[in-house]
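> coords below, sequence missing:
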Ligand SMILES: Cc1cc2ncn([C@H]3O[C@H](COP(=O)(O)O)[C@@H](O)[C@H]3O)c2cc1C
Ligand SMILES: O=C(O)c1cccnc1
């Protein structure tokens, strides 16, 4: 079973980061003028040890599961939508499917706990159980089940990496997982429920108030211990969030950049980093989700999302957009001319970065 004590994540390669910075400052542009793309190139170098890396083999890994909190009446969306949209993702019809095709990225979908029976030739069937229990009444799952979901996430990511994937995005599908994510975020950071709970895929005002009350009740009933992130996931999380945390950890262990999608994805990343703080340096925040709690989680991680489009889809849909930015950053690293080639005398360039 998943044993966090045995897991080691290496610090970033400083030598490669220095080499990347030196190359960036030699490119024919003012120092730092490519902003976040430069930061990205430096961090990718640190993660992989390669200054001009090849990220053409990439994929999004989606974990799908149901959440018992749906029974409390906090969502107008039928619970069966988890299974139906999972099939849409597999059939190439969902947002993440289209964006992965557009970005030349693979897409793997794993059932870690969809309540309804579901069959599809491409679906990886790893149901830990048929959905969780309602966190507003008691724990979502046992600690053993949380560990099993984490192990599944870890194994799935590891399998993709062993198959040659060099850049991995982590996504999810599960109705009501913005509520479980809010509960995990509050449990880990002490954030106020009113700041962590948003409207997710859409709720009316009455259901929104109920959603807030249910998340508050989940924290009261379960009393999750912030020092025990696995306990937090088991008590107030979901099978999807636990599996995502395991997948991030596999990226860190294997020295592969992990791209974070929206709210659920960043909360799972935060939980993983509470277990293994060194993992944070391997995470790339793709976009700033519209969901209000996203800002709290990304700030707790000290990451900077690169794309601001007020997206709130989930599924891993922000990851392929980040892949395109990574492609752009690597094109710059590979193809821009340098001052040392000697076609411009730039005089004394002033570094105005803070
Ligand atoms: C048709 C449809 C497609 C989706 N694709 C992703 N989500 C997103 O919405 C859900 C979270 O929002 P909430 O907590 O409000 O249920 C997740 O499944 C997430 O991936 C969808 C939601 C719907 C309705
Ligand atoms: O940011 C997200 O991931 C998100 C937001 C709302 C609904 N589903 C997902």
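Right, received. Where do you want to start? Predicted, not measured: the structure shown is a model, and the values here were computed from it. Numbers count the residues shown, from 1 in each chain. Ligands and ions are numbered 1, 2, ... in the order given.

> does residue 91 touch residue 98 like I think?
No - between residue 91 and residue 98 there is no contact under CB atoms under 8 Å: 11.3 Å. Just so you know, the C-beta spots here come from the backbone N, C-alpha and C atoms, and that holds for glycine as well.

> next, the distance between the ends of stretch 18-35.
One end of stretch 18-35 to the other measures 17 Å (CA to CA, to the nearest Å).

> how far off centre is that stretch?
Between the centre of stretch 18-35 and the centre of its chain there are 28 Å (CA atoms, centre = their mean, to the nearest Å).

> which parts of it are buried?
Using 16 or more other CB atoms under 10 Å as the test for burial, stretch 18-35 gives 19-21, 23-27, 29, 31-32, 34.

> hmm, who's touching that stretch?
The contact list for stretch 18-35 (CB atoms under 8 Å, 6 or more residues apart in numbering) reads 38, 41-42, 44-46, 51, 329, 332-333, 336-340, 343-344, 346, 349-353.

> derive a ChimeraX selection command for the buried subset of those residues.
The ChimeraX selection below is limited to those of these classed as buried (16+ other CB under 10 Å):
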select :38,41,42,44,45,46,51,329,332,333
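
> and this protein, which of its residues are near ligand 1?
75, 77, 81, 85, 172-179, 200-201, 313-315 (CB under 6 Å from any ligand atom).

> which two from the buried residues of stretch 18-35 end up farthest apart in space?
Spatial extent of these (CB to CB) is set by the pair 19 and 29 at 17.8 Å.

> residue closest to the middle of the protein?
residue 260 (2.9 Å; CA atoms, centre = their mean).

> quick one: residues contacting that one.
169-170, 266, 269, 283-286, 303, 318-319.

> ok, now residue 75?
Contacts of residue 75 (CB under 8 Å, 6+ apart): 175-176, 200-201, 203, 207, 211.

> which helix or strand contains the closest residue to residue 146 other than its chain neighbours?
The shortest distance from residue 146 to any non-neighbouring residue, by CB to CB, 6 or more residues apart in numbering, is to residue 234 (3.8 Å). Here residue 234, judged by DSSP states H and E, is contained in helix 229-236.

> tally up the residues packed near residue 117, please.
Residue neighbour count, defined by other CB atoms under 10 Å, stands at 8 for residue 117.

> any idea which helix or strand carries it?
Residue 117 belongs to no helix or strand, assigned by DSSP H and E.

> and it, how far from ligand 2?
24 Å (CB to the nearest ligand atom, to the nearest Å).

> next: residue 354.
29 Å.

> same deal with residue 186?
Here residue 186 is placed at a distance of 17 Å from ligand 2 (CB to the nearest ligand atom).

> for ligand 1, see how far away the nearest residue to that residue once chain neighbours are set aside is.
Spatial nearest neighbour of residue 186, chain neighbours left out: residue 196 (5.1 Å); criterion: CB to CB, 6+ apart. Per CB to the nearest ligand atom, residue 196 is found 12 Å from ligand 1.

> wait, isn't residue 196 in contact with residue 215?
Yes - under the criterion of CB under 8 Å, residue 196 is in contact with residue 215, at a separation of 7.2 Å.

> any common contacting residues for these two?
182-183, 186.

> circling back: sort out for me which of the buried residues of stretch 18-35 are in helices.
The helices, defined by DSSP state H, take in 19-21, 23-26 from the buried residues of stretch 18-35.

> can you show me the helices along the stretch 201-350 of the chain?
205-222, 229-236, 239-254, 263-275, 293-301, 318-335 (DSSP state H, counting those that start in this stretch).

> run the angle between the fourth one and helix 229-236 for me.
Counting by axes from the mean of the first three to the mean of the last three CA atoms, to 10 degrees, helix 263-275 lies at 140 degrees to helix 229-236.

> ok, residue 85 touching residue 172?
No - the pair residue 85 / residue 172 is not scored as a contact, 10.8 Å apart, by CB under 8 Å.

> more neighbours: which of these two?
Between residue 85 and residue 172, counted using other CB under 10 Å, residue 172 has the larger neighbour count: 30 against 21.

> which residue does this protein have closest to ligand 2?
residue 262 (2.3 Å; CB to the nearest ligand atom).

> how about the closest residue to ligand 1 within the chain: what's its closest non-neighbour residue?
Nearest residue of the chain to ligand 1 (CB to the nearest ligand atom) works out as residue 200 at 2.3 Å. Leaving aside its chain neighbours, residue 200 sits nearest to residue 178 (3.5 Å; criterion: CB to CB, 6+ apart).

> residue 280 too?
Per CB to CB, 6+ apart, closest to residue 280 is residue 273, 4.8 Å.

> count of residues packed around the one you found?
For residue 273, using other CB under 10 Å, the count is 25.
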